[in-house]
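Visitor: fold the following and give me the result.
(3 chains)
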Amino acid sequence: MISERLKELGITIPVSPAPLAAYVPAVKTGNYVYTSGQLPMKEGKLACTGKVGADVTIEDAKNAAEISGLNCLGAALTAIGSIDEIERIVKLTVFVASADGFTSQPEVANGASELMIKIFGDKGKHSRSAVGVSELPRGAAVEIEMIAELKK
Amino acid sequence: MISERLKELGITIPVSPAPLAAYVPAVKTGNYVYTSGQLPMKEGKLACTGKVGADVTIEDAKNAAEISGLNCLGAALTAIGSIDEIERIVKLTVFVASADGFTSQPEVANGASELMIKIFGDKGKHSRSAVGVSELPRGAAVEIEMIAELKK
Amino acid sequence: MISERLKELGITIPVSPAPLAAYVPAVKTGNYVYTSGQLPMKEGKLACTGKVGADVTIEDAKNAAEISGLNCLGAALTAIGSIDEIERIVKLTVFVASADGFTSQPEVANGASELMIKIFGDKGKHSRSAVGVSELPRGAAVEIEMIAELKK
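Guide: Next comes the predicted model:
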């Protein structure tokens, strides 16, 4: 049970903020859940802002990616009843706010990818794109969206 | 019926341009439709070009996002018979051509998101990512792609 | 048979590098395969680096997109048994590392799109987004991800 594994790991999935007016944190469709892009919000605040490679170190950005990844799970929980309903992680798309010349987006994205492996084991191994973008909402350093398959 | 709701709202879904050589405006697969990225084309012309936060105001960009969102529905119609076949909007990905330091991509994206709610009600509530990119095709200010679930 | 068509075309799908620690080249889920973002790697080396419109010509970038597209098929093959299992190409997302003012991302993306038509015919016609981003992993000029539907 993933819920038990989370306890062992000492990981608490954050409660996703209340749905906004025009979109929702996640949508369940068929046996999939699609999350909205998640920023590295922690306790109501952005944990990491700025451009990676200039204002933000790879290590801090990797940590921010882990927070965003955890928020993806929190977002998924707004559309499903329990984390145990997740069969596997299908896809992560990782947008990294990148300073000119910064090309280590994969190292940053590993923060979220490694979290999924830690929690879900082989079922956490996902396809992934990591790209460097010029600006993210509210100046966040990282934004991540997730597709997960649900148990039937 | 969504088609009747569109009449009440006075909204006409634009006819999507003829399919290009190498790709198509939308693909139907299973009970889903995936659209190609839609620019804010209106009557054959790009309605909004430039970088948001410099050349383009948030208000104009939000309006461009609404046009792109409407074009997503037009693109979907090339792959399905009627707008009434849409069960719900699953996902919007909103790329905003952003000037340096512009971080209000969500406000821009709301132009498309609010349109979906207006047309589809609760079934229009979708997951969404909004990111700032450096350049979009033909200098467009916004590009939006959509995934929608179809009725079975 | 697509495998026979590849022989006629003289196209060899490259073997995807061994799965990395934290994610995989592709995931099969239901009757779909999702690939990770593919760089224009050829024989273990990046075939094209730099910003399109400055360091890289459209023609070279289009060629790089073709290589990335071929690598998407190679990535898919890590999750399925044969290229003949592919029913159709559903979606390509094409990220182009773009110099300031470069807005011909669609011309670049055609390198991958035309490859899919050449190999799969009408079943190769896909939905597509092409966007310009500031930086890609390792300085690659292009990164492409693919969703394909599998035969049931």
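
Visitor: doesn't B:K91 make contact with A:Y23?
Guide: No: using Cβ atoms under 8 Å, A:Y23 makes no contact with B:K91, being 9.5 Å away. Every C-beta, even on glycine, is put in place using the N, C-alpha and C of the backbone.

Visitor: more neighbours, these two?
Guide: Neighbours per residue (other Cβ atoms under 10 Å in any protein chain shown) separate A:Y23 from B:K91, with A:Y23 holding more: 28 against 24.

Visitor: for that one, what are phi and psi?
Guide: phi -150, psi 180 (degrees, to the nearest 10).

Visitor: any buried residues in stretch A:36-54, and which?
Guide: Buried residues in stretch A:36-54, counting neighbours by 16 or more other Cβ atoms under 10 Å in any protein chain shown, are found at A:36-41, A:46-53.

Visitor: give me the mean pLDDT for that stretch.
Guide: For stretch A:36-54, the mean per-residue pLDDT is 96.

Visitor: now the strand ranked longest in chain A and strand C:86-97, what's the angle there?
Guide: Criterion DSSP state E: the longest strand present in chain A is strand A:86-97. Angle of strand A:86-97 versus strand C:86-97, following axes from the mean of the first three to the mean of the last three Cα atoms, to 10 degrees, is 20 degrees.

Visitor: which residues sit against the following helix or strand past strand A:86-97?
Guide: Following strand A:86-97 in sequence order, the next helix or strand is helix A:105-120 (DSSP states H and E). Defining contact as Cβ atoms under 8 Å, 6 or more residues apart in numbering or on different chains, one finds that helix A:105-120 is touched by A:2, A:5-6, A:9, A:11, A:52, A:58, A:61-66, A:68-70, A:72-73, A:86, A:88-89, A:92, A:94, A:96, A:98, A:124-126, A:128, A:130-132, A:142, A:144, C:21-23, C:135-137.

Visitor: returning to what we had before: any part of the longest strand of chain A near chain C?
Guide: Yes: judged by Cβ under 8 Å from any Cβ of the partner chain, strand A:86-97 and chain C are in contact via A:88, A:90-92.

Visitor: neighbours of A:G30, how many?
Guide: 15.

Visitor: which bits of chain A sit near chain C?
Guide: So chain A meets chain C at A:31-32, A:88, A:90-92, A:98, A:100-106, A:110, A:113-114, A:116-117, A:125-134, A:147, A:149 (Cβ under 8 Å from any Cβ).

Visitor: can you select the buried ones from these in PyMOL?
Guide: Of the residues of chain A next to chain C, the buried ones go into a single PyMOL selection, burial set by 16+ other Cβ under 10 Å:
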select buried, chain A and resi 32+88+90+91+92+98+102+103+104+105+106+110+113+114+116+117+125+126+127+128+129+130+131+132+133+134+147+149
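
Visitor: before we move on, back to that, just the buried ones from the contacts of helix A:105-120?
Guide: By 16+ other Cβ under 10 Å, these give A:2, A:6, A:52, A:58, A:61-66, A:68-70, A:72-73, A:86, A:88-89, A:92, A:94, A:96, A:98, A:124-126, A:128, A:130-132, A:142, A:144, C:22-23, C:135-137 as buried.

Visitor: now intersect those with the strands, please.
Guide: Filtering the buried ones among the contacts of helix A:105-120 for strands - DSSP E - leaves A:86, A:88-89, A:92, A:94, A:96, A:128, A:130-132, A:142, A:144.

Visitor: which one among the residues you listed gets closest to chain C?
Guide: A:G132 (3.2 Å; Cβ to the nearest Cβ).

Visitor: that closest one contacts A:D100, correct?
Guide: No: applying Cβ under 8 Å as the test, A:G132 and A:D100 come out as separate, 9.6 Å apart.

Visitor: overlap in contacts of those two?
Guide: C:134-135.

Visitor: get me the contact residues on chain A for chain B.
Guide: A:19, A:21-27, A:29-30, A:34-37, A:75, A:93, A:95, A:133-140, A:143, A:145.

Visitor: longest helix of chain A?
Guide: Determined from DSSP state H, the single longest helix within chain A is helix A:58-76.

Visitor: what angle do strand A:86-97 and that helix make with each other?
Guide: Going by the same axes, to 10 degrees, helix A:58-76 makes 140 degrees with strand A:86-97.

Visitor: and helix A:58-76, what's its mean pLDDT?
Guide: Rounded mean pLDDT across helix A:58-76 is 97.

Visitor: what helices and strands are in contact with it?
Guide: strand A:32-35, strand A:41-42, strand A:86-97, helix A:105-120, strand A:142-150 (3 or more Cβ pairs under 8 Å, 6 or more residues apart in numbering or on different chains; DSSP states H and E).

Visitor: looking at those, which is closest to B:G81?
Guide: strand A:32-35 (24.3 Å; Cβ to Cβ).
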